[in-house]
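Asks: When you get a sec, could you give me coordinates for this:
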Amino acid sequence: MSDIVRDGMLDDITQAVLAREDVAKYLRGGPGQSEVEARERIYAYLEELRTTQRYPIYRALKHPLYPILRKIERLQEHVSIVQTAARDGRLIYISNHKSHLDYLVEPLVLDDNGIRPPVIAAGINLFGGPLGLIHRHVTGAIPIRRNTKDPAYLVTLKAYVAELLQRHDLLFYIEGGRSYTGELKSPKTGLLHAALKTQRSDASIVPLAVSYDLVLEDHILAHQGARRRARPFAREVAEMVRYAVGYQSRAFVTFGTPIPINGCDPDSRRDVMALAHHVRDTIGSLYKVLPTAIVAAAMRPSIERRDLESRVDGLIERLREVKANLGVQSGEQAVDAAIEPLVARNIIHVERGGRFRVRERTVLRYYARTLQHLLDGPSRASRTH
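Replies: Predicted structure coming up:
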């Protein structure tokens, strides 16, 4: 029997989850599964999902995390939108996902501006060891099994998220996991569908986009994408520590106008898919276009500075036409700002005479593809889960 049953410690969210009609129906058992077996599965998943946000301790985390946070200049755009929306109702923050640093940067930008950070939905691979304890007992993150098809898990997760939103704001990533190619991925609908089940008339989605001059795990992600396989999280953390040496970057967090959810039918797949693509495209338009990305997109295997500046100017004009959120206004400005960090990251090399040559083609492509959604146009409906 699960600990939450043995100890009689049914917290209010757990009780509310068990009382929901879809969960109660599953608890009655079915073909090939007894009522006792169904109950055990639901309770086990509830135990896994249970989390607590201890806000005073959360804020104190800035101190032990200072060695990494000092490497990142946090910059926000349109945060006043959130300050107003937070007074009006429940918020569902939905973001793109670039880096493991997103879990730190985005909540701290909110906290910097007097807004209590939301509970975060994060991949279950991040919940081992000390990091898992911090997630469960300090930040209030909930572990997500991204690829499971177990009906018991899916019904429990959706009910838990819906009930959590009665009490807390929530942040999750529309792409699911990080992008290994750099591109803004197609939207996933599982957590969005769960959030729509909250049945709060005052709930709205706050789209936000995070963008870095340099992504801490850029080399790791790019090469994992090329090999089409992920590395164990512990090994990736060890590599991130290596790439953190000398790392410096700005992190832009840009907030968009809240999107009401009360007009979307959570039981209509068409409505959910349409909303998911609308949110994804909104995040794409908010995404800050930084010098490193635009220089990467304009770069050739070997190129003179004057030619590179000209190519960047052409890309900037294309991006202006689609009303991209530009963080650079000219080819000269972009090249001036991007070359030093790209050289320091060993992605390009400056030869004698000022000619630029590519050293890490895979990583350069990773940065170039971060603008692909703006150059290709809005997303189209695609298969998701």
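
Asks: Run through the strands of the stretch 151-300 of the chain in chain order.
Replies: Listed in chain order, the strands of the stretch 151-300 of the chain (DSSP state E, counting those that start in this stretch) span 170-173, 204-212, 249-255, 259-260, 288-289.

Asks: contacting residues around the third one?
Replies: Residues lying outside strand 249-255 but in contact with it, judged by CB atoms under 8 Å, 6 or more residues apart in numbering, are 71-79, 81-82, 101, 105-106, 109, 206-216, 286-288, 290, 325, 327, 341. Just so you know, the C-beta spots here come from the backbone N, C-alpha and C atoms, and that holds for glycine as well.

Asks: Heading C-terminal from the helix or strand hosting residue 342, find the next helix or strand.
Replies: Using DSSP states H and E, residue 342 falls within helix 331-344. From helix 331-344 onward toward the C-terminus, using DSSP H and E, the following helix or strand is strand 348-350.

Asks: Mind listing residues that contact whichever helix or strand comes after that next one?
Replies: Next in sequence after strand 348-350, counting helices and strands by DSSP H and E, comes strand 356-358. Strand 356-358 is contacted from outside by 299-305, 308, 339, 347-351, 364, using CB under 8 Å, 6+ apart.

Asks: Any chance of a ChimeraX selection covering the buried ones in the contacts of strand 249-255?
Replies: Provided next is the ChimeraX selection string for whichever of these are buried by 16 or more other CB atoms under 10 Å:
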select :71,72,76,77,79,81,82,101,105,106,109,206,207,208,209,210,211,212,213,214,215,216,286,287,288,290,325,327,341
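
Asks: so of the contacts of strand 249-255, which ones are in helices?
Replies: Within these, residues falling in helices by DSSP state H are 79, 81-82, 105-106, 109, 286, 341.

Asks: which one of these is nearest residue 26?
Replies: Checking those against residue 26 with CB to CB, the nearest one is residue 106 at 33.5 Å.

Asks: ok, back up a step: may I see the strands of the stretch 151-300 of the chain organised as JSON lines, with distance to residue 237 added?
Replies: Shown next, in JSON lines, are these (distance: least, CB to CB, whole Å):
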{"stretch": "strand 170-173", "distance to residue 237": "19"}
{"stretch": "strand 204-212", "distance to residue 237": "18"}
{"stretch": "strand 249-255", "distance to residue 237": "18"}
{"stretch": "strand 259-260", "distance to residue 237": "35"}
{"stretch": "strand 288-289", "distance to residue 237": "27"}
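
Asks: which residues does residue 303 bridge with?
Replies: residue 356 (DSSP bridges).

Asks: domain parsing for the protein?
Replies: The record's domain split for the chain, according to automatic domain parsing, is 3-44, 67-286, 291-376.
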